[in-house]
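Visitor: structure, please.
(one chain, ligands or ions: 4)
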Amino acid sequence: LELEADLRLALERDELRVHYQPTIDMTDSSIVGFEALVRWQHPTRGMISPLDFIPIAEATGLIVPLGRWVLTEACRQAVEWAERDNRRPIKMAVNVSVRQFDRSDLATVVREVLTETGMPADRLCLEMTESVLMTDTEENLAQLVRLKALGVTLAIDDFGTGYSSLAYLRRFPVDMLKIDRSFIERLGEQTDDTALASTIVQLGQSLGMTTVAEGIEEYGQLAALREMGCTFAQGFYFSRPVAAGEAGRLLPLPL
Ligand code: G
Ligand code: G
Ligand code: MN
Ligand code: NA
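Guide: Numbering: from 1, shown residues only. Ligands and ions are numbered 1, 2, ... in the order given. I've put the predicted structure just below:
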C-alpha cells in the first residue's frame, strides 16, 4: 500500500527511468533496435524492478499514465539517436499491458505520442503478451487493426507461454513473434525445447512474421537459433538492459 502511494507520486517526482536492451540481427550481428524497459529509482528503497511495480500499476490503473510516459520517453530517445546518426535508424520496442490494450483510445494515444516526439511510426514496435490476443473477439481485432493502421509493428511477447490459437494468429495483423525465454534456456540440451523453438520459427516463417529469440545468454543458443532461421536475437549474451547513455554507446559511432 505504501508502494502504491509512492508509485502515484513517482511520475511527477521524475523517479522512473527507461533502460534499453538491444535487439540484434542474426545475419550480421548488428543492432537493429532496442526494447524499452522501465525501472523505478525509489528515493529510499533504491532501484525497484518492474516485476514488483508493474502489477501494482496494472491493478490501480496507474499503468495507463505510466505506459504513456514510457512510450513518450522511448520514442524521444529513438529520435535523438536517429538525429545523431541516421544511416541506419534503429527501431524501438515498447511493452503494452493488457490494461492499456483494453482501452479503446490506445491507438489515439500512440498517434499523439508519435506526433509529439516526431517518431516515424514504422520505427515503433508495440509488444503485447498472448493474453491480450488470446480472446479472439471483434473488439480485440478492431483494436489491433487501428494500431496497425498507424504503421507501427505489432509483436507478441513471451510467445509460446499462453494459449494462442493458430486461427487468431492468422486473423490478427501481427508482424513479429518473440519466442519466450523459457524455450531458449535449455536449447541444445536433450529437451523438447529445441524442437519447440524451431517450430515457432517455422510458424513465424509460414505466417510471414519475423521471429525474435529472447533471453540468449550463451553462444550455443545463438548458433542454434541462427541455424533455425530466427530473425533477431536479444539477451544478456549481447547486453543487459542498460541506461540510455550506455545504450547509445553500443551504437556505431556517428560519422
Ligand atoms: O526488465 P525486466 O526483465 O526486469 O522486466 C520484467 C517485466 O516487466 C517484463 O515482463 C517486462 O515486459 C515488464 N516491463 C518492463 N517495462 C515495462 C513497461 O514499460 N510496460 C509494461 N507493461 N511492462 C514492462
Ligand atoms: O516479458 P519481457 O520479454 O518484456 O521481459 C523482458 C525482461 O527479460 C527484461 O526485464 C530483461 O531484464 C529480461 N531479460 C532479457 N534478456 C535476458 C537474458 O538473457 N536472461 C534473463 N534471465 N533475463 C533476460
Ligand atoms: Mn517485452
Ligand atoms: Na518478452
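
Visitor: contacts and neighbour counts: CA atoms only from here.
Guide: Will do.

Visitor: show me the shaky parts of the stretch 151-255 of the chain.
Guide: Within the stretch 151-255 of the chain, the set of residues satisfying pLDDT under 70 comprises 190, 255.

Visitor: next SSE downstream of the lengthiest strand in the chain?
Guide: The strand that spans the most residues within the chain, counting by DSSP state E, is strand 31-42. Counting by DSSP states H and E, the element after strand 31-42 in chain order, helix or strand, is strand 46-48.

Visitor: flag every buried residue along the one helix or strand Glu112 maps to.
Guide: Assigning secondary structure by DSSP H and E places Glu112 in helix 106-117. Of the residues in helix 106-117, Leu106, Ala107, Val110, Arg111, Val113, Leu114, Thr117 count as buried by neighbour count, 16 or more other Cα atoms under 10 Å.

Visitor: ok, which of the residues you listed also contact ligand 1?
Guide: Among those, no residue lies close to ligand 1 (Cα under 6 Å from any ligand atom).

Visitor: wait, Met134 sits on Tyr163?
Guide: Yes: look at Met134 against Tyr163 with Cα atoms under 8 Å: they come within range, at 6.5 Å.

Visitor: which phi and psi does Gly61 have?
Guide: Gly61 has phi and psi values of phi 90, psi 0 when expressed as degrees, to the nearest 10.

Visitor: hmm, it is touching Ser97, no?
Guide: No: with the criterion set as Cα under 8 Å, Gly61 and Ser97 do not qualify as a contacting pair; they are 10.6 Å apart.

Visitor: neighbour count for these two, which is higher?
Guide: The neighbour count for Gly61 versus Ser97, taken as other Cα atoms under 10 Å, is higher for Ser97 (20 against 13).

Visitor: ok, that one - contacts?
Guide: For Ser97, the contacting residues are Glu58, Ile63, Gly67, Met128, Thr129, Val132, taking Cα atoms under 8 Å, 6 or more residues apart in numbering as the criterion.

Visitor: out of those, list just those in strands.
Guide: Met128, Thr129.

Visitor: re earlier: more crowded one of Met134 and Tyr163?
Guide: Met134 (15 against 12).

Visitor: which non-adjacent residue is nearest that one?
Guide: In space, not counting the residues next to it along the chain, Met134 is nearest to Ser164; the distance is 5.5 Å by Cα to Cα, 6 or more residues apart in numbering.

Visitor: and that neighbour, that one's in a helix?
Guide: No: under the criterion used here (DSSP: H, G, I helix; E, B strand; the rest coil), Ser164 is coil, not part of a helix.

Visitor: show the contacting residues for it.
Guide: The neighbourhood of Ser164, defined by Cα under 8 Å, 6+ apart, consists of Glu130, Leu133, Met134.

Visitor: got the contact list for the second one?
Guide: Remark: with contacts taken as Cα under 8 Å, 6+ apart, Leu133 is in contact with Asn140, Ser164, Tyr168.

Visitor: what's the last one sitting at in phi/psi?
Guide: In terms of degrees, to the nearest 10, the main-chain angles of Tyr168 are phi -70, psi -40.

Visitor: repeat that for the first one.
Guide: Asn140 adopts backbone torsions of phi -60, psi -40, taken as degrees, to the nearest 10.

Visitor: what sits against it?
Guide: With contacts taken as Cα under 8 Å, 6+ apart, Asn140 has the following neighbours: Val132, Leu133.

Visitor: apply 10 Å and report the result again.
Guide: Asn140 is in contact with Phe101, Asp102, Ser104, Val132, Leu133, Met134, Arg146, Phe172, counting by Cα atoms under 10 Å, 6 or more residues apart in numbering.

Visitor: was I right to think the first one contacts Glu130?
Guide: No: in this structure Phe101 lies outside contact range of Glu130 using Cα atoms under 10 Å: 11.8 Å.

Visitor: the more surrounded of these two?
Guide: Set Phe101 next to Glu130 and count neighbours by other Cα under 10 Å: Glu130 wins out with 21 against 18.

Visitor: quick check: that one vs ligand 4, distance?
Guide: As judged by Cα to the ion, to the nearest Å, Glu130 and ligand 4 stand 11 Å apart.
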